[in-house]
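Enquirer: need the 3D shape of this:
(one chain, ligands or ions: 2)
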Amino acid sequence: MRTIAEFEATARERLDPAHYDYFAGGAQDEITLRENEEAYKRLRLVPRVLRGSDKRDLSVDLLGTPSSMPILVAPTAFHRLAHPDGELATARAAARAGTIMIVSMASTTAIEDIAAAAREVAPDPGLWFQLYLQPDLEFTEAIVRRAENAGVKAFVVTVDSPVLGRRERDDRNAFHDLPPGLAVENLRNIGENRSGGTASHVRDIVMSALNWDHIAWLRSKTRLPVLIKGLLHAEDARLAVHHGVAGIVVSNHGGRQLDTVPATIDVLPEIAAAVGGALPVLLDGGIRRGTDVVKALALGADAVGVGRPVVWGLAAGGREGVSEVLEMLRADFDQALALCGGRHPADLTPDQVRR
Ligand SMILES: Cc1cc2nc3c(=O)[nH]c(=O)nc-3n(C[C@H](O)[C@H](O)[C@H](O)COP(=O)(O)O)c2cc1C
Ligand SMILES: CC(C)CC(=O)C(=O)O
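Expert: Ligands and ions are numbered 1, 2, ... in the order given. The predicted structure follows:
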């Protein structure tokens with residue numbers, strides 16, 4: 001396969017249509033879902049020339065976690081719906097690629113098992129853990145300890161989900177629960193009324209009351225870096241700096257939360273300006289090509305995340321499929337970087353992108 005689109009087509013053939021829709025879909029009219037990709041197509045690159053060097057170095061360091069490239073695995077739920085090996089396959093592929101995997105709290109494999117699989121491949125894998133903070137702070141603290149003990153290197157708190165977006169494809173397909181045998185393993189034993197660990201169960205525990213005090217609370221409970229994921233407003237980026245978070249992920253949840261919000265690449269310049277280099281800025285949503293990565297880095301991102309492309313690789317070919325997707329993106333980015341006259345991700349500058 002040569003493109004992410006080809007991986008998606010193969011994944012679509014293999015997946016139960018309702019599960020394909022869960023992975024592919026967005027909120028309501030899916031305007032933001034489409035916009036995330038369309039926005040990149042409107043941007044033009046302006047290369048620099050006569051800056052050649054034989055060797056390029058794609059590696060970056062993000063809050064003390066080294067990554068072989070500025071392309072990370074964004075947190076996505078329910079990998080065992082895509083392939084029987086689920087998150088174990090994804091973790092092995094990410095570790096093999098030397099890149100960071102942000103493990104979803106809503107994984108269908110326990111964080112301990114995911115970390116063990118990654119360590120089979122790399123002695124010190126770059127695993128981060130995505131958190132939906134819960135009203136039950138005791139439970140939240142317990143999962144923070146579990147993830148720390150498993151060896152994760154940062155926490156990424158998702159802040160764009162005070163309630164879950166309305167995904168009409170899931171409504172039409174009546175997809176509200178995981179099939180028998182699959183569960184949200186990290187959420188087992190959460191409490192008396194919450195033993196299911198199913199998707200509808202996850203819906204119940206996104207936390208409407210989430211506010212900056214909860215971020216301060218989490219920071220008081222861990223020494224690991226705490227990032228927040230899912231902001232789009234420059235003022236929130238300023239507040240993130242003010243509140244001492246370690247980093248931010250500019251994200252609209254792949255168009256799955258509030259529909260009609262802008263493409264992430266379109267708000268990136270104002271957010272990068274607001275942050276002014278005070279902390280690392282990551283971005284996800286709609287990255288499908290090396291040129292998309294180049295545009296995001298040029299406009300101020302330190303790294304990007306890919307969500308659905310990884311799921312398509314997993315559905316199409318398990319661990320090997322995820323590896324192929326990651327290596328395809330790496331090669332595509334490397335080529336685009338070279339053609340732009342860069343030898344390192346940091347060489348790209350905003351003047352190289354035009355509307
Ligand atoms: C199927 C699916 C499940 C997701 N699950 C989570 C999740 O559990 N936690 C989270 O913070 N974001 C989740 N996201 C959002 C992704 O982290 C990311 O923001 C988005 O997928 C990026 O867009 P892309 O798919 O176009 O690359 C999910 C996205 C998809 C497509
Ligand atoms: C289980 C869900 C809450 C995971 C998610 O964030 C999503 O489907 O977008």
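
Enquirer: any idea which residue of this protein lies closest to ligand 1?
Expert: residue 307 (2.2 Å; Cβ to the nearest ligand atom). For glycine as for every other residue, the C-beta is placed from the backbone atoms N, C-alpha and C.

Enquirer: distance of that residue relative to residue 148?
Expert: 24 Å (Cβ to Cβ, to the nearest Å).

Enquirer: if you count what's nearby, which of those two comes out ahead?
Expert: residue 307 (22 against 17; other Cβ atoms under 10 Å).

Enquirer: quick one, what contacts the more buried one?
Expert: Neighbour list for residue 307: 74-76, 254, 284-285 [criterion: Cβ atoms under 8 Å, 6 or more residues apart in numbering].

Enquirer: look up how far residue 329 lies from it.
Expert: 12 Å.

Enquirer: am I right that residue 260 is in contact with residue 34?
Expert: No: when contacts are counted by Cβ atoms under 8 Å, residue 260 is not listed as touching residue 34 (11.0 Å).

Enquirer: doesn't residue 283 belong to a strand?
Expert: Yes: the assignment for residue 283 (DSSP: H, G, I helix; E, B strand; the rest coil) places it in a strand.

Enquirer: burial check on residue 53, number of neighbours?
Expert: Quick note: residue 53 (other Cβ under 10 Å) scores 12 neighbours.

Enquirer: quick revisit: list just the nearest of the contacts of residue 307 to residue 297.
Expert: Closest approach to residue 297 among those (Cβ to Cβ): residue 284, at 13.1 Å.

Enquirer: can you tell me how far the closest one is from ligand 2?
Expert: 12 Å (Cβ to the nearest ligand atom, to the nearest Å).

Enquirer: and the closest residue to that residue other than its chain neighbours, how many neighbours does it have?
Expert: With sequence-adjacent residues excluded and distances taken as Cβ to Cβ, 6 or more residues apart in numbering, residue 284 is closest to residue 305, at 3.5 Å. For residue 305, the count of nearby residues is 27 (other Cβ under 10 Å).

Enquirer: so residue 161 sits against residue 131, correct?
Expert: No: using Cβ under 8 Å, residue 161 is not in contact with residue 131, being 11.1 Å away.

Enquirer: check which helices and strands the helix or strand hosting residue 337 sits against.
Expert: Per DSSP states H and E: residue 337 is located in helix 308-339. Where contact means 3 or more Cβ pairs under 8 Å, 6 or more residues apart in numbering; DSSP states H and E, helix 308-339 is packed against helix 4-14, helix 17-24, strand 71-73, helix 86-97, helix 290-298.

Enquirer: need the winner for burial among these.
Expert: Of all these, strand 71-73 has the most neighbours on average by mean count of other Cβ atoms under 10 Å, namely a mean of 28.

Enquirer: got the contact list for it?
Expert: For strand 71-73, contacts defined as Cβ under 8 Å, 6+ apart pick out 62, 90, 94, 99-102, 282, 287, 293, 303-306, 310, 326, 329-330, 333.

Enquirer: repeat for stretch 330-340
Expert: With Cβ under 8 Å, 6+ apart as the test, stretch 330-340 has contacts from 45, 47-48, 56, 58, 68-71, 97, 289-291, 293-294, 298, 343, 345, 347-348, 352.

Enquirer: and stretch 274-284, by the same measure?
Expert: 62-63, 72, 74, 227, 229, 234-235, 237-238, 240-241, 245-251, 254, 264-265, 268, 271-272, 296, 300-307.

Enquirer: all helices for the stretch 51-200 of the chain, in order.
Expert: 86-97, 111-121, 137-150, 168-173, 199-205 (DSSP state H, counting those that start in this stretch).

Enquirer: what's the closest of those helices to residue 320?
Expert: Per Cβ to Cβ, nearest to residue 320 of these: helix 86-97, 7.8 Å.

Enquirer: quick revisit: tabulate the helices and strands packed on helix 308-339 (a markdown table), appending distance to residue 277 and mean pLDDT.
Expert: Shown next, in a markdown table, are the helices and strands packed on helix 308-339 (distance: least, Cβ to Cβ, whole Å; pLDDT from 0 to 100):
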| stretch | distance to residue 277 | mean pLDDT |
| --- | --- | --- |
| helix 4-14 | 31 | 98 |
| helix 17-24 | 35 | 98 |
| strand 71-73 | 20 | 99 |
| helix 86-97 | 27 | 98 |
| helix 290-298 | 14 | 98 |
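
Enquirer: how about these, which one is nearest ligand 2?
Expert: So among those, helix 17-24 is nearest, using Cβ to the nearest ligand atom, at 7.0 Å.

Enquirer: following the chain past the closest one, name the next helix or strand.
Expert: Per DSSP H and E, the first helix or strand lying C-terminal to helix 17-24 is helix 31-42.

Enquirer: just the angle for that next one relative to helix 290-298, thanks.
Expert: 90 degrees (axes from the mean of the first three to the mean of the last three Cα atoms, to 10 degrees).

Enquirer: does ligand 2 have contacts with helix 31-42?
Expert: No: judged by Cβ under 6 Å from any ligand atom, helix 31-42 and ligand 2 are separated, with a smallest distance of 11.3 Å.
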